[in-house]
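>>> Got a sequence here, can you model it:
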Amino acid sequence: MVAIKIDAGRCIRDGLCSNICPLQIILPPEEGMIPQTGPEFARCCIKCGHCVAICPTGALRHSFITPEQCITNLEPAFDLESFERCLRRRRSTRRFKDRLPEKETLERLIGLTAYAPSGHNLQAVRWQVYRCRNDLATMVDMVCDWMKQLLSESPDAPSAPLFRKIIKDRARGGDFILHHAPILIIAHSRIRTGTEPTDAAIALSYIDCAAPGLGLGCCWAGLFKMAVKSWKPLLQFLDLPQGHHLHEALIIGYPKYVLQRVPPRKQPEIKWS
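Alright, predicted model coming up:
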């Protein structure tokens with residue numbers, strides 16, 4: 001049962017909790033009174049914790065979040081110049097060292113996604129990490145099987161030349177799918193509200209941008225994702241929980257090379273109205 005408790009002795013009646021509530025289900029305090037919750041609170045509360053986080057005296061306690069559980073030693077926000085340098089240095093990595101990233105490093109990286117926004121604050125994204133080289137090779141072969149099936153059905157499709165090249169390269173031991181990466185991370189969940197695919201993409205973007213800080217490089221596995229959604233044997237091999245859908249896939253490892261410069265990018269087109 002969702003509920004809040006307010007310590008009347010510590011509450012200063014500033015109304016911040018009601019103002020910041022995203023669904024406005026904490027009612028503004030009347031003069032001399034502490035805030036109250038409307039009848040829809042238990043049903044509509046998304047457990048975001050804003051009300052607990054904003055209270056300057058720690059008077060408000062949520063049944064799912066308490067002041068003691070929150071981080072309070074907040075450091076100053078990063079400066080934009082540092083963040084801009086981080087974004088500019090982010091590049092897709094497709095050549096990796098023959099070194100397996102440590103489990104603790106990956107756990108720290110994936111742990112950062114807990115702070116990514118999610119629709120209705122459901123935080124529904126779940127993670128699966130594949131580290132076994134034999135399993136990764138098997139999945140690459142399955143993607144090639146999917147491509148062979150597509151070629152047999154549509155030999156003149158726009159993607160046919162690329163698929164033939166990938167299949168031919170695979171026969172020689174190459175890997176245009178996962179690029180011999182030591183790690184494959186997939187984000188998956190049930191579909192409840194329809195925001196889950198976007199939530200997963202945002203979460204993986206956190207990983208992608210943060211990875212260089214741990215000496216790692218990433219690349220989004222688009223062809224792999226397409227194959228999973230179309231090739232049943234590959235989906236079965238992943239063995240996701242019942243009812244879960246793969247949303248995004250990312251390969252990750254220690255980059256084999258260090259880039260010496262950042263290529264220019266097209267500037268965004270903006271229409272002001």
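>>> Return the helix or strand in the chain with minimum mean pLDDT.
Taking mean pLDDT, DSSP states H and E as the measure, the helices and strands of the chain show their lowest mean at helix 41-44, namely a mean of 80.
>>> pretty sure Leu214 contacts Gly111?
No: taking contacts as C-beta atoms under 8 Å, Leu214 lies outside contact range of Gly111: 11.6 Å. C-beta: built from backbone N, CA, C; applies to glycine.
>>> and these two? which has more neighbours close in?
A count of neighbours by other C-beta atoms under 10 Å puts Leu214 above the other of Leu214 and Gly111, at 14 against 9.
>>> What ranges does the stretch 51-200 of the chain have for its helices?
If DSSP state H, counting those that start in this stretch is used as the criterion, the helices of the stretch 51-200 of the chain fall at 80-89, 103-111, 133-153, 160-171, 196-210.
>>> want to try a markdown table for the ones you listed, with mean pLDDT and distance to Pro22 as columns?
Supplementary listing: those in a markdown table, determined by pLDDT from 0 to 100; distance: least, C-beta to C-beta, whole Å:
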| stretch | mean pLDDT | distance to Pro22 |
| --- | --- | --- |
| helix 80-89 | 87 | 25 |
| helix 103-111 | 97 | 25 |
| helix 133-153 | 97 | 40 |
| helix 160-171 | 97 | 45 |
| helix 196-210 | 96 | 16 |
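>>> Compare these and give me the one nearest Val2.
Closest approach to Val2 among the helices of the stretch 51-200 of the chain (C-beta to C-beta): helix 196-210, 21.3 Å.
>>> in the closest one, what's buried?
196-197, 199-200, 202-210 (16 or more other C-beta atoms under 10 Å).
>>> Wait, Trp220 touches Ser92, no?
Yes: with the criterion set as C-beta under 8 Å, Trp220 and Ser92 qualify as a contacting pair; they are 7.3 Å apart.
>>> Please say which of the two ends up with more neighbours.
Residue environment comparison for Trp220 versus Ser92 gives the larger neighbour count to Trp220, 16 against 11, counting by other C-beta under 10 Å.
>>> what's the spacing between that one and Ile186?
Computed as C-beta to C-beta, to the nearest Å, the Trp220 to Ile186 distance reads 11 Å.
>>> Look up the residues that both of those two are in contact with.
By the contact definition C-beta atoms under 8 Å, 6 or more residues apart in numbering, Trp220 and Ile186 are jointly contacted by Glu248, Ala249, Leu250.
>>> For the residues you listed, pick the one with the most neighbours.
Of all the shared contacts of Trp220 and Ile186, the highest neighbour tally under other C-beta under 10 Å goes to Ala249, namely 27 neighbours.
>>> For that residue, which residues are in contact?
When contacts are counted by C-beta under 8 Å, 6+ apart, Ala249 touches Leu184, Ile185, Ile186, Ala187, Trp220, Ala221, Phe224, Lys225, Val228.
>>> in a strand, that's where it is, yeah?
Yes: assigned with DSSP: H, G, I helix; E, B strand; the rest coil, Ala249 falls within a strand.
>>> separation between the closest residue to it other than its chain neighbours and Ile252?
For Ala249, ignoring the flanking residues on the chain, the nearest one in space by C-beta to C-beta, 6 or more residues apart in numbering is Ala221 at 4.0 Å. Taking C-beta to C-beta as the criterion, Ala221 is separated from Ile252 by 10 Å.
>>> now swap in Leu214 and tell me
In this structure, Leu214 lies at 10 Å from Ile252, with C-beta to C-beta as the measure.
>>> hmm, back to that, so which of the helices of the stretch 51-200 of the chain has the densest surroundings on average?
The densest packing among the helices of the stretch 51-200 of the chain, expressed as mean neighbour count by mean count of other C-beta atoms under 10 Å, is seen in helix 196-210 with a mean of 20.
>>> tell me what that helix is packed against?
helix 103-111, strand 183-189, strand 217-220, strand 245-253 (3 or more C-beta pairs under 8 Å, 6 or more residues apart in numbering; DSSP states H and E).
>>> Mind doing that once more with 7 Å?
Contacts defined by 3 or more C-beta pairs under 7 Å, 6 or more residues apart in numbering; DSSP states H and E place helix 196-210 against helix 103-111, strand 183-189, strand 245-253.
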